[in-house]
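# Could you look at this predicted model? Sequence included:
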Amino acid sequence: DGDVYKYYADGEWKKSSSNKSVAIINPTTRKTEYKVQACSQEEVNKVMDSAKSAQKLWAKTPLWKRAELLHKVAAILKENKAPIAECLVKEIAKPAKDAVTEVVRSGDLISYCAEEGVRILGEGKFLVSDSFPGNERTKYCLTSKIPLGVILAIPPFNYPVNLAVSKIAPALIAGNSIVLKPPTQGAVSALHMVHCFHLAGFPKGLINCVTGKGSEIGDFLTLHPGVNCISFTGGDTGIAISKKAGMIPLQMELGGKDACIVLEDADLDLVAANIIKGGFSYSGQRCTAVKVILVMESVADALVEKVKAKVAKLSVGPPENDSDITPVVSESSANFIEGLVLDAKQKGATFCQEYKREGNLIWPLLLDNVRPDMRIAWEEPFGPVLPVIRINSVEEGIHHCNASNFGLQGCVFTKDINKAMLISDAMETGTVQINSAPARGPDHFPFQGIRDSGIGSQGITNSINMMTKVKTTVINLP
Ligand code: G3H
């Protein structure tokens, strides 16, 4: 069937022998936009074998050559930003401009990774034995960083290109090979991105992309004995994977309920602007989105007014028009968001706008006077709905933040840097932003969550290190 996108294995585009496909529904039209192959477990086995043998050769390829190829693919990716962005618009309803930004950011990430890789992998350590009690100076220890092997990369729907390359590029520069399992929504964008690697001329089998149903190949992939490391970004599935995975390094970036703590002395215009950007960009479908506002009662009315005025200016519509608010990724997601909204309504939250939904398109909504008994106080909608909890002390805000299952990022707005630092120390999250909305980038910054928000730390440098293992050689003198 010529209409079904092929999967990529051993340097070739292939049709699955299962003769089955998976439909990708356009979130805006709610009609099938694309189809991808439903790969079988047998095909996954073959991919694992070729990834393993390709990795052995790649590890012996000089570091500068690996970097050169990565710079090449970065350029090809950027040259092809338009067709890839078009897929992002159709598959995940990302606003047109943001879709282009995602691809360009991905190219930059790959180049940075190549540069960082040649630096940090180009040096090792030299240790001598006589610093430890009882030893003479008779042992010299040389350390270097060696690849882990085959990395299984599983990115989420919200950045199918960028959060794929944030795993692929560190893996490759460090001498690993890749098996990529893209999200269903976003799979075609990911296949286009993989085609750029194909065009750049990476060796056969080094990078592979299998598509299919999670129910058929999900566990099969994550439990596969050929996998030496899993880098996953997404939701609860990551917790399930972590519980079942074998003795391999895991990098997990899961959900967040990023709090925005607003003190009495905060610049409320700055806060309102950051709430709009942080809470509503890509319709709130970011793990780092502002997901709860914890504002001091004395400035709450003023802040809510400012945010309301800005919400009224957000454009709502299809991603092709570059609307600010676009349809959420699926009907089930829209239904879930609606469930949170109805629960808040029933429990007495103040609706700053009328709740409105057409298909998967949900109008931006600010819910004031949210209380801890409402689901939206704790759960992440992954949609354009933002709760405001009024607090009477900073401690109350910190307590709410730390009582969450999540601990990805948080932010605090105040002009008092001393208070900001104390609050940052008290917030149990991977990152605290002072006077700005949470965000993962710039992409070389460490990025990590605690509790249910993840395992390990990302960012270019940390990912390269995480995808390597220290190897030592000890020279014993007579
Ligand atoms: O959805 C999770 C992403 O890692 C967030 O990235 O802060 O650049 O939107 P972002």
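Arrived safely.
# Show me which residues of the stretch 251-400 of the chain are close to the ligand?
Glu253, Arg286, Cys287, Thr288 (C-beta under 6 Å from any ligand atom). Yep, even glycine has a C-beta here, placed from its N, CA and C like the rest.
# I'd guess Leu366 is in a strand, am I close?
Yes. With DSSP: H, G, I helix; E, B strand; the rest coil as the criterion, Leu366 is part of a strand.
# Okay, and Ile475 sits in which element?
strand 468-476 (DSSP states H and E).
# What strands line up against that strand, and which way round?
strand 139-147 (antiparallel) (DSSP bridges).
# Show me which positions of the helix or strand following the partner strand end up buried.
Sequence order places strand 150-154 as the next helix or strand after strand 139-147, per DSSP H and E. By neighbour count with 16 or more other C-beta atoms under 10 Å, strand 150-154 contains the buried residues Val150, Ile151, Leu152, Ala153, Ile154.
# Out of the residues you listed, which comes closest to Leu294?
Closest approach between the buried residues of strand 150-154 and Leu294, by C-beta to C-beta: Ile154, at 32.3 Å.
# Give me the buried stretch members for stretch 251-271, please.
Neighbour counts over stretch 251-271 (16+ other C-beta under 10 Å) mark 251-263, 266, 268, 271 as buried.
# Just those residues: which are in strands?
Those of these mapping onto strands are Gln251, Met252, Glu253, Asp258, Ala259, Cys260, Ile261, Val262, per DSSP state E.
# For the residues you listed, give me TSV that also has distance to Lys204.
As requested, these are exported to TSV (distance: C-beta to C-beta, whole Å):
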residue	distance to Lys204
Gln251	26
Met252	30
Glu253	30
Asp258	42
Ala259	47
Cys260	48
Ile261	52
Val262	54
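# now, among those residues, which is nearest to the ligand?
For these, the minimum distance to the ligand (C-beta to the nearest ligand atom) is 6.0 Å, reached by Glu253.
# Name the residues linked to the closest one by a beta bridge.
Beta-bridge pairing of Glu253 under DSSP bridges involves Thr233, Gly454.
# Identify the residues contacting it.
163, 232-234, 238, 287, 408, 447-449, 453-454, 458 (C-beta atoms under 8 Å, 6 or more residues apart in numbering).
# Strands of the stretch 101-250 of the chain, start to end?
125-128, 139-147, 150-154, 177-180, 207-209, 229-233, 250-253 (DSSP state E, counting those that start in this stretch).
# the strands in the stretch 301-450 of the chain, which residues?
350-351, 357-358, 361-362, 365-368, 385-391, 406-407, 409-413, 431-434, 447-448, 450-451.
# Contacts for the last one, please.
Under the contact criterion C-beta under 8 Å, 6+ apart, strand 450-451 has outside partners Ser404, Asn405, Phe406, Gly407, Glu428, Thr429, Gly430.
# and if you look at the second one?
By C-beta under 8 Å, 6+ apart, the list of residues contacting strand 357-358 from outside reads Ala334, Glu338, Trp363.
# how about JSON lines for those residues, with distance to Ile293 and neighbour count added?
JSON lines is the format used below for the contacts of strand 357-358 (distance: C-beta to C-beta, whole Å; neighbours: other C-beta atoms under 10 Å):
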{"residue": "Ala334", "distance to Ile293": "23", "neighbour count": "20"}
{"residue": "Glu338", "distance to Ile293": "21", "neighbour count": "16"}
{"residue": "Trp363", "distance to Ile293": "18", "neighbour count": "16"}
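# Find the nearest non-adjacent residue to Ala302, please.
Once flanking residues are discounted, Ala302 sits nearest to Leu268: 5.7 Å by C-beta to C-beta, 6 or more residues apart in numbering.
# my guess is the one you found meets Asp301, correct?
No. Leu268 lies out of contact with Asp301 (C-beta atoms under 8 Å); the separation is 10.5 Å.
# how distant is stretch 268-283 from the center of its chain?
Using C-alpha atoms, centre = their mean, to the nearest Å, the mean C-alpha position of stretch 268-283 is found 20 Å from that of the whole chain.
# just stretch 377-384 next, same as before
The answer for stretch 377-384 is 17 Å, by C-alpha atoms, centre = their mean.
# Now do it: distance from first to last residue.
14 Å (C-alpha to C-alpha, to the nearest Å).
# Quick check: mean pLDDT of it?
Stretch 377-384 shows a mean pLDDT of 98 in the predicted model.
# Show me which of the buried residues of stretch 251-271 is closest to Thr29.
So of the buried residues of stretch 251-271, ranked by how close each gets to Thr29 (C-beta to C-beta), first place is Gly255, at 27.9 Å.
# quick one: the helices in the protein?
Taking DSSP state H to define them, one finds helices in the chain at 41-60, 63-79, 81-92, 96-120, 162-173, 187-200, 219-222, 237-244, 268-280, 297-312, 331-346, 394-402, 417-426, 460-466.
# possible to save these as a markdown table with mean pLDDT?
Formatted as a markdown table, the helices of the chain follow (pLDDT from 0 to 100):
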| stretch | mean pLDDT |
| --- | --- |
| helix 41-60 | 98 |
| helix 63-79 | 98 |
| helix 81-92 | 98 |
| helix 96-120 | 98 |
| helix 162-173 | 98 |
| helix 187-200 | 98 |
| helix 219-222 | 98 |
| helix 237-244 | 96 |
| helix 268-280 | 98 |
| helix 297-312 | 98 |
| helix 331-346 | 98 |
| helix 394-402 | 98 |
| helix 417-426 | 98 |
| helix 460-466 | 98 |
